[in-house]
Structure formats: structure tokens, C-alpha cells
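S.K.: would you be able to build a 3D model of this:
(chains A and B)
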Amino acid sequence: MTTTTSAHTARRTGAGPGNSRMRARRQRDGGPAMLMAAPAVLGLAAFVAVPFIVAIVLSFYDAQLNQVRTPKFFGFTQYVRLFTDPVVAGPFFRSLLNNLVFAIVVIPVQTAIALGLAILLNSKLKGIPVFRTIFFMPVVFPMALVAVIWRLILDRSGNGLLNAFTGFVTAGHFVPQDWLGSAGTALGAVILLSIWQGAGFQMVIILAGLQEIPTERFEAASLDRANAWQQFIHITLPGLRNTLIFVTLYTTIMAFQLYDQVYILIKTAGGNQTALQTVLYQGTSSLFDENNLGRAAAVTVVFFAIVLVIALVQRSLLKQRTEE
Amino acid sequence: MNRKRSLARTGTAILAAGLAAGALSACSQNSSAGSSQTGDGTGTINVWAHQGQDSEIAVMQAAVSSFNSSQSKIKVNLRLISSDTYTSTITNTPKDKLPDVMEMDGPTLASYVYNQKLSPLKQYVSASTVSNATDGSTAEGTYNGDLYGLAMYDSGLGLYGNKKLLDAAGVAYPKSAADAWTADQFTTAVKALASKSPAGKSLDVNESSLGNEWATYAFSPLVESAGGGLIKDNKADGTLNSSASVKALTTVQGWKPYVDSNADGNAFPNGRVALAWGGHWNYPTYSKALGSDLVALPLPNFGGGTKTDAGSWTFGISSGTKNGKAAGAFLDALLSDRNVKAMTDANGAPPATKSALAADKLYQPGGALALWGDQLNHACPATAVTPSCIAVYRPVTPGYPTITAKFAGALSAIWGGSDAKTQLDNAAKAIDQAYTDNSNYQ
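M.R.: Next up, the predicted model:
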């Protein structure tokens, strides 16, 4: 959402001759524009800005949910604990690491898979809409449903679909694994199911990008006797550059907001908490399991800082693109 | 999609924070004005209860409407709230917005007393209602020497056994609580039963719920039995991570190869395993599936005699009520034999009043769950565990939410293969930090 808006703004401010005219019009429309923006601005203030300022304030107190007594002022204790106290920092750093590993694996793999699927589905075959629907379907499924399906696939008994399959193809040499419960495989399993669920969405965006590449370019390339690989490298990829930047950044933010599937798998499917916890999971479990409002607020603030950095990187990358 | 939902969740968390902050300032301004008032015993009172199974809802509604029609002075308004969000609803409601009578999950009671949301009960309910409450109901509802909660029903926990499979494997099983398997005997039995099972599994511990309250409910009794515990004198260090606790949970970890993951929930009723760690709520399904082959057994004895858990939903009167007398009259009626029997017939739970428990065939000698009924007759609070006590009620302390979150986190990690000592050390440190931060909830 923010990406498209900032892209528009960037394009507008970047455009040379139209620039001053547009600025003049913007000034003329000031009154009504402000009026029309008011509901959205008020909403943003009430539901984003004010609660966030409250969260910053709360993170300096030893506040508990459901508390009658006046909370103690805690200074930077919550933050110091988040980064230095082994009891709090241990799980917190592990959460950050899990987020990071998830992002590092998911961003390239999911984007590559989405690109591959999009190129396959861009071909002019009969029944392509059917395949598009099938590949897009996991995106429509609620994450709760996806987690339940994958819980059955990853079940640790020999009857679990994955264990039964690996056992069958290796003629029983592969011993059933506790995919979700053991620390070594839990995050990998979640990465797998997240890619399965999420790739369809990126695929649709890339597909739209593919269809914007003029077919004349491919025709010209084939006249120059470029083979399929050369066409992919020199026409498809440059043509998709903007789309791919958007998809990558979107996936990054999504990767840092990993929550639904890990929560469901930890709470209802015996998922390994240490290996699966994420920053957002830390925040919500501090608040709703332990009533620790102060720490939850501190986690939220740190999380905001991380997302902010990502958003800044996103903006600078988009600027580079439009200047070219 | 993902992103939107996560954002919404962050938003909810922040919003909750904001609301709580508002509530904090609102509450601290009039903290003296929250004490309950007796009233004249007439008028309308509001009651909040959790929305249980359909059969439980019907009983609750019938109890309210028969109370309303039996007299004309008091009118009760019942509001049912989804059980998923019930506890967080009460937690996030400021005390002056709470109803006159509210239901709550037993272990959360102390945190409401600490936050001045509850009124002592003895001034409002009749003496006979108080004396008819089982020891367990009293233990669960008492904090700092005052009674704040009275329950309609309790809960029963133990092992279910499949007699046919036990006999086929030649495994002898205990007939009474005193006769409970020791840790070694139980491990041997589990292995013997597993060797007779086609899939090599013999036990169901409902492992998918080990990250939840089930962990503390079902496995803290083993820690108590071993001589450890959850918390003692506001300190978890030295109790939760004592060598006894560590050893107990390491033993539990060792059962994993014989435990069915039970993804379909049918491991025990379908006869895939011979033993199941379970509660009274499993009884209707299990007895239907196994008939006379179903036996109720005590949990294994880890050294200090077999221990089990207990406790369930309980009722209290809010500190903000203006009509304590009427609220007490309603509780007297709600805890009558007729209502308690109707409720426990509906959900299969053991009654939490002496007279109804004595009349309950399921839990009395000769009944299928008689052994579990007997366990509840030997009840004690977590602060006074004796060798003869069997049903240990979870600690009644405002810090309970942290205790249970940390215990469940540790147990699920141990189940996932982590070292028990490390996990329990970390859990104990985290719990002690919460107690220190809050001046021991004094």
C-alpha cells in the first residue's frame, strides 16, 4: 500500500515540466483537500499515532495489564532487559534471529518461485485460468486453515503425510521426523508452509508485471536470434525490475511480521517455541500470557524501529529506480 | 493478507495498551470508591458467565430463569461471553464496569483480588452455602485468608486405561490412589504396552496442547509429587528448578518415543494407545468408545504420593456491586443441589458442593470415576502439600499468569528435546523477575 503511494509521489515530484504546475494546483486545492483528508488523518491519529505514543510512554513503566495500582517508573529498564538480561534477551534475540533467518530464506526463494510460476502461467495454453486459480488458492485460505492442514502434513507420527511419503519413497529407511517439534526442523517447516501460502500472491503481482512488457520486445529479440534464456535475462528481468523491487520489499515486511502461523503451531500443534518464536510473538505473549504491558510496549517500539528502517530502505530504493 | 492481519494484531495490542493506560489512570483516581455495597436485596443484578457447551448454556439459562420466576424481588440478567475471550474480557474490564456476579477461571481469581475487582463472599452468601462447598472449591476460592470464589463444579484429572490392552500386555494397573504406579513402574508399563502396539505407541498426553494451560494443569502434579513445585513463598528459584522438578520433567521427556502425536484426537478411543492422560471432559467420548473396558487410574507417584490437579470455573461477587445481598441470594440459589446436579449431569464434571458430590453416582464408590472422586476428597492448596493430599490446587497468586506461561513454555521446550535444567532455570528466573518487579504482589 505505502509502496504504491510513495511510488506515485516519487514519480510526481520527479517529473520535470509538470512539477510546478502541480504544486500550484495543490496549493489552490488546499482547503477542500484538507477537509477530505480529515477523516483518514483523524483515523490515523486515533488508531496509529496516539496508541503508539501511549506505547512509548508505557514502555518506560512497569505496567501490568489489569492493574489498579499506579505503575512504577522504570526508565530504560525494559529496553536494557530486552538487550542484556539473559532471561528476557535470550528469547528476544532468538526471536530476532528467527525473523532474520525466515526473511533471508523466504525473500529470495518465494520471489523466485513466484517468478517461475508467473512465467509458466503467462504462456498461452488452454486452461491457464484453471492453473492460475489453483496456484492462487492458498492465498485465499485463512492462515489458521493453512496451519491446520500443514499440522497434519508435518505430523511426527509415521502416519503424518510427509513422514509417510518419505518413508514410502525410501522404502522405510527414513525414520519419521518430528518436523514441528524438534528445534532443527521447526523453522524450516514454517518457511515451507509460508512459501506455499504466500507465493501465489507474489505470483499474481509478477504476472501483472509480465503482461505489461510489450510483446514487440520479445519479437525483436527473436529476430535477433536471442534464445529463451537470453530473452529472460535481457528482456523479462529488466521489464520486471519495478515489480520485483516491490515484491521483494513486500515480502521483507511480511517476513518480519511473521506471527499467525507460528502462534497457531506453537499453541495447538506442539511447535517448538524456541525455534519458532518471532518478535511479534514475543510482544503478544508478554501482553496476553504474562500481563506484562510494559515489556510488550517496549517490544512493539523496537519492532516499529525495525519496520521503520525497512520502510526507509524501501523509499531509497524506489527513488533510485525513478531517477534512472 | 498476512501483513494486514499482523498489523491488525499489532494494532490490537497497542490499542489494548492504550485502553489499559486509560483504565490505569481512571482507576487510580477512585481506588477508594470501589468497595461493594450490600443494598436492600431487591432490584436487578447482572451476571457474566462463560459460554460453555450447549448443554451447559441451557442449564445456566434454566437456573437463571427459575430463580427469576421463584421470587419477585430480584431480577437476574445473564450475559454469556465466548469462552475464548472470557478471561481477557474480565481482565480488561475496569472494576466499576464489571457485573454484580461474575464467573472466572479458578487460577485467575487471585489476580482479580489483587486488582480489587472482587469482594469477599462470606458477608453476602449464606453460611450453609459456604460450609457445603468442597475443600477444593474453598481452596481454589481463598486468597489471603478470605473467600472470594465458590464453584458449581470441579475438575478431575488422571490416566484413562484400556483394560483390554492392559490385560493383553500383562500389565497390572493400580486399583486405588494409594496403589499408584511409581515413576519407574509407569515407564516400564508404557514400554511394555508399546512393544505390543503395532505402531509402537502406548500413551497419549495431549501433546499438541503442551504450550497452553494444559501443561501446568496436567504436569505440575508430577513436579509436586516429586517434591518440587511451581512456587514457594513468592519464589520459583529453588522450587521450580529444584533437582526434584528437573528429574520429574526429564522422566516425562523420556516417554516421548512411546507417545502418540494424536493429530486426529482419536488415539485412545480408537485403541491405538492403552493409556491416556486426560480429564473428566474426555469421559463421555471415551466411555462411549470403550464401554466397560475403560478404567480410571491415578497419575504416577513420583515419590511424595500420587498427586493430581483440580479446579475449574468459579463464581465471585464484584467489588463494584451495589447489591451484594441480592448477588449473594442468587449464588445461594445457583449452588443448590438441583442446579449443581443439572450442570454436572450436562458436562460430566465432579460437583463442587459436598451434598451434590455425595449424590453423584459417577464419582462415588461403584461409579466409573470413583477413583477421581476420591482424589478430590483429599484436596489441598499448593501452599500446603502433604503426603496424604492428592488433588493439589494450582497456586492462588496474582502472579499465576506468568507462572503458567513460563511453565508451559519450559515444558513444551523440554518435550521438544531441550535440557530440563536449563529450561526450568530460565522459567524460574523469569517468574522471580515478575514477582520482584511487582513487589511480590503485596
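
S.K.: which parts of chain A are strands?
M.R.: Per DSSP state E, chain A carries strands over the ranges A:61-62, A:72-73.

S.K.: which one of the ones you listed lies nearest to residue A:124?
M.R.: Among these, the nearest to residue A:124 by CB to CB is strand A:61-62 (62.5 Å). Where C-beta positions appear, they are placed from N, C-alpha and C, glycine not excepted.

S.K.: ok, that closest one near chain B or not?
M.R.: Yes. Judged by CB under 8 Å from any CB of the partner chain, strand A:61-62 and chain B are in contact via residue A:62.

S.K.: now that strand: mean pLDDT?
M.R.: Averaging pLDDT along strand A:61-62 yields 91.

S.K.: likewise for stretch A:136-154?
M.R.: Mean per-residue pLDDT for stretch A:136-154: 89.

S.K.: which strands or helices does whichever helix or strand residue B:404 is part of pack on?
M.R.: Assigned by DSSP states H and E, residue B:404 belongs to helix B:400-415. Contacts defined by 3 or more CB pairs under 8 Å, 6 or more residues apart in numbering or on different chains; DSSP states H and E place helix B:400-415 against helix A:273-276, helix B:109-114, helix B:213-226, helix B:243-254, helix B:420-437.

S.K.: let's see it at 10 Å
M.R.: If you count contacts as 3 or more CB pairs under 10 Å, 6 or more residues apart in numbering or on different chains; DSSP states H and E, helix B:400-415 packs onto helix A:260-268, helix A:273-276, helix A:279-288, helix B:109-114, helix B:213-226, helix B:243-254, helix B:420-437.

S.K.: just send those back as CSV, with mean pLDDT, mean neighbour count and distance to residue B:183 too.
M.R.: Formatted as CSV, the helices and strands packed on helix B:400-415 follow (pLDDT from 0 to 100; neighbours: other CB atoms under 10 Å in any protein chain shown; distance: least, CB to CB, whole Å):
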stretch, mean pLDDT, mean neighbour count, distance to residue B:183
helix A:260-268, 90, 23, 28
helix A:273-276, 89, 25, 26
helix A:279-288, 91, 23, 31
helix B:109-114, 94, 24, 31
helix B:213-226, 95, 23, 8
helix B:243-254, 96, 19, 5
helix B:420-437, 94, 21, 14
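
S.K.: out of those, which is closest to residue B:365?
M.R.: Evaluated over those, closeness to residue B:365 peaks at helix B:213-226, with 23.0 Å, by CB to CB.

S.K.: how much does that closest one deviate in direction from helix B:420-437?
M.R.: 100 degrees (axes from the mean of the first three to the mean of the last three CA atoms, to 10 degrees).

S.K.: starting at the chain centroid, how far to helix B:213-226?
M.R.: Here the centre of helix B:213-226 is set off from its chain's centre by 11 Å, with CA atoms, centre = their mean, to the nearest Å.

S.K.: just give the number of residues close to residue 317.
M.R.: Unless you meant another one, I'm taking chain A. Neighbourhood size, residue A:317 [other CB atoms under 10 Å in any protein chain shown]: 13.

S.K.: that's the wrong chain, I wanted chain B
M.R.: Residues within reach of residue B:317, counting by other CB under 10 Å, total 30.

S.K.: I'd like the helices and strands packed on helix B:400-415 laid out as JSON lines, including distance to residue B:205.
M.R.: Below are these laid out as JSON lines (distance: least, CB to CB, whole Å):
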{"stretch": "helix A:260-268", "distance to residue B:205": "15"}
{"stretch": "helix A:273-276", "distance to residue B:205": "17"}
{"stretch": "helix A:279-288", "distance to residue B:205": "22"}
{"stretch": "helix B:109-114", "distance to residue B:205": "27"}
{"stretch": "helix B:213-226", "distance to residue B:205": "7"}
{"stretch": "helix B:243-254", "distance to residue B:205": "8"}
{"stretch": "helix B:420-437", "distance to residue B:205": "16"}
